[in-house]
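In: predicted model, plus sequence, below.
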Amino acid sequence: MQIRTRITLLFTCITATILFIFAALIYFSAKESREKEFYTLLTKEAYTKVNLFLDAQVDKHTLQEIYRNNRKILNEVEVAIYSTDFNLLYHDAVDIDFVKETPNMLKDIRSKGQVHFYQGPWQVVGLMYSYAGKQYIVTAAALDQYGYTKLDLLLKNSSLIFILSIILLFIAGRLFSKRVFSPINSMTEKAQIISATNLDLRLETNNNKDELSVLANTFNQMLERLESSFDAQKSFVSNISHELRTPLSAIIAELELSTIKERSTAEYKAVIENTLSDAHKLVKLSNSLLDFAKASYDPSEIAFRPIRVDETLLDARQMVQQANKNYRVNIHFNSEIDDESQISVNGNEYLLKVAFVNLFENGCKFSDDKQCTVNVSFQDNNIVLDFTDNGIGIPSKDLEHIFLPFYRGENKTRADGNGIGLPLTHKIIQLHHGAIRIQSTVDLGTTFTLAIPHL
Ligand code: ADP
């Protein structure tokens with residue numbers, strides 16, 4: 001069942017229940033007040049007639065005549081007067097006699113002083129009356145035709161109004177819910193046509209702060225993120241193909257050139273060396289991409305265990321210096337290590353080593369002295385690593401972009417690279433719940449500061 005129908009039915013049921021309770025309360029209070037009022041009327045009539053009979057000594061036949069005449073047009077009250085020994089002294093119409101007084105009934109009236117009860121549809125009041133030192137039992141009975149007709153009319157009208165109200169409520173609920181749900185329907189229609197090829201489409205929003213506007217805005221923000229990550233993916237792929245094509249084209253051109261005519265051994269050697277260098281670049285790029293993919297995994301899929309950062313730094317230094325004989329990496333400990341946990345992090349050894357190697361290599365390759373120094377210190381719960389070089393520095397306009405994949409700074413002509421190292425390092429540090437900061441001055445040098453929570 002549609003939410004719209006469900007809401008309409010719920011709305012109608014709740015309002016109908018409230019209406020029903022309200023109408024029932026009105027009906028029952030009207031019923032009760034009719035009964036009370038009629039008993040009061042009967043009591044008054046009983047007193048009037050007993051007064052006329054005993055005090056005013058009006059003739060019995062006159063009273064009976066009045067009763068008979070009134071009965072033709074009114075539901076006249078039938079009164080009977082008994083002595084305390086249950087002898088009938090007066091009766092409006094013995095021949096009609098709707099109320100059959102029994103000795104038990106009269107006894108009851110005598111003992112209680114006043115009683116109210118029904119005999120069939122008739123309402124009866126029985127009461128004691130004293131006159132000239134003597135007690136009399138009086139009964140007065142009548143059918144409240146007028147009251148019952150009014151009550152019946154109230155019931156019919158209330159039922160009719162109730163049924164009409166439910167129909168109106170249902171129609172109003174339907175229209176109201178249609179109005180409420182129309183923005184959702186248009187959102188659904190719009191969302192159905194949004195696909196990878198038209199991620200630039202957005203849901204219509206207004207400046208209201210209602211729930212639907214918040215939902216539409218949230219959806220649009222999600223589309224914004226999807227679109228930018230889609231664009232990033234597209235440019236990532238085109239960057240990769242560009243980075244792969246450049247060394248591959250160089251290799252092909254070199255090899256084609258060398259096959260055009262016979263070359264000397266030295267020339268062949270030079271071609272082999274050049275193509276080998278390009279092949280190394282390709283291997284480095286594919287390794288970096290592989291590491292980037294690893295660092296982008298769900299953290300739950302990456303194996304983390306306690307790692308000693310000092311040992312990982314030493315391994316990274318060894319790797320860097322082995323691959324580049326002219327590079328020098330210095331490691332300094334600024335303070336004493338109190339215990340093993342202080343220098344250990346919960347991490348992935350391979351990825352951490354990749355991050356340290358990148359920073360060492362960058363420090364060395366962008367400096368004339370080919371040196372990079374890492375200072376190890378501790379701050380709060382973090383191991384702080386400052387990778388410093390006295391190199392060419394990074395222009396401030398490049399600083400905000402250097403963590404973007406394939407971005408290479410203005411100074412890129414000073415060293416080979418592919419722009420994957422820093423984004424990869426950034427990702428790895430994030431995976432380790434750490435932070436990375438850069439401080440750089442052109443021609444003076446650069447410091448990358450890593451803070452990683454220790455054990
Ligand atoms: P790559 O080194 O392969 O170019 P990276 O992602 O490691 O790619 O670095 C991105 C850019 O940041 C570099 O091209 C360079 O412009 C700048 N950079 C990074 N480290 C340094 C550094 N220590 N000194 C100067 N520039 C740097």
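Out: That came in fine, so what should we check first? Numbering: from 1, shown residues only.

In: quick check: phi and psi on residue 88?
Out: phi -70, psi 120 (degrees, to the nearest 10).

In: with adjacent residues omitted, what lies nearest to it?
Out: residue 82 (5.8 Å; Cβ to Cβ, 6 or more residues apart in numbering). In short, each C-beta sits where N, CA and C put it, glycine included.

In: could you pull up phi and psi at that neighbour?
Out: Dihedral pair for residue 82: phi -120, psi 150, per degrees, to the nearest 10.

In: beta partners of it?
Out: According to DSSP bridges, the partner residues bridging residue 82 are residue 88, residue 137.

In: list the contacts for it?
Out: 88, 89, 101, 106, 136, 137, 138, 139 (Cβ atoms under 8 Å, 6 or more residues apart in numbering).

In: now that we have these, which of them are buried?
Out: 101, 106, 136, 137, 138, 139 (16 or more other Cβ atoms under 10 Å).

In: for the first one, what are its contacts?
Out: Listed by Cβ under 8 Å, 6+ apart, the contact partners of residue 101 are 80, 82, 139.

In: which one of those is nearest to the ligand?
Out: If you rank these by distance to the ligand using Cβ to the nearest ligand atom, residue 139 comes first, at 111.7 Å.

In: and the contacts of the helix or strand harbouring the closest one?
Out: Applying DSSP states H and E as the criterion places residue 139 in strand 134-142. Applying Cβ under 8 Å, 6+ apart, the contact partners of strand 134-142 are 38, 41-43, 45-47, 49-50, 54, 75-84, 86, 89, 98-99, 101, 105-106, 109-110, 119, 122-130.

In: what parts of the chain come near the ligand?
Out: Residues of the chain that fall close to the ligand, judged by Cβ under 6 Å from any ligand atom: 358, 362-363, 366, 389, 391-394, 398, 402, 408-409, 411-412, 417-422, 446.

In: if we use 8 Å, what do you get?
Out: 358-359, 361-363, 365-367, 372, 387, 389, 391-394, 398, 402-403, 407-412, 414-425, 440, 445-446, 448 (Cβ under 8 Å from any ligand atom).

In: which of the three states applies to residue 449?
Out: strand (DSSP: H, G, I helix; E, B strand; the rest coil).

In: tell me how far the residue in the stretch 1-150 of the chain that the ligand sits nearest to lies from residue 9.
Out: Per Cβ to the nearest ligand atom, residue 3 is where the stretch 1-150 of the chain lies closest to the ligand, at 50.9 Å. Distance of residue 3 to residue 9, given as Cβ to Cβ, to the nearest Å: 11 Å.

In: neighbour-wise, which of these two wins?
Out: Neighbour count, other Cβ atoms under 10 Å: between residue 3 and residue 9, residue 9 has more, with 15 against 11.

In: list the residues that contact that one.
Out: If you count contacts by Cβ under 8 Å, 6+ apart, then residue 9 has residue 173 around it.

In: relative orientation of the strand or helix carrying it and strand 134-142 in degrees?
Out: Using DSSP H and E, residue 9 falls within helix 3-50. Counting by axes from the mean of the first three to the mean of the last three Cα atoms, to 10 degrees, helix 3-50 lies at 140 degrees to strand 134-142.

In: what's the mean pLDDT across the next helix or strand after helix 3-50?
Out: Counting by DSSP H and E, the next helix or strand C-terminal to helix 3-50 is helix 60-73. Averaged across helix 60-73, the pLDDT comes to 84.

In: how about stretch 133-150?
Out: Model confidence over stretch 133-150, given as mean pLDDT, is 92.

In: can you check stretch 7-22 too?
Out: Mean predicted confidence for stretch 7-22 is 91.

In: would you turn the contacts of residue 101 into TSV with distance to residue 351?
Out: As requested, the contacts of residue 101 are exported to TSV (distance: Cβ to Cβ, whole Å):
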residue	distance to residue 351
80	110
82	112
139	106
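
In: roughly how far does the residue in the stretch 201-350 of the chain positioned nearest to the ligand sit from residue 445?
Out: Here the stretch 201-350 of the chain gets closest to the ligand at one residue, residue 288, 8.2 Å apart by Cβ to the nearest ligand atom. Separation of residue 288 from residue 445 (Cβ to Cβ): 24 Å.

In: cool, and residue 163?
Out: From residue 163 to residue 445 the distance is 88 Å (Cβ to Cβ).
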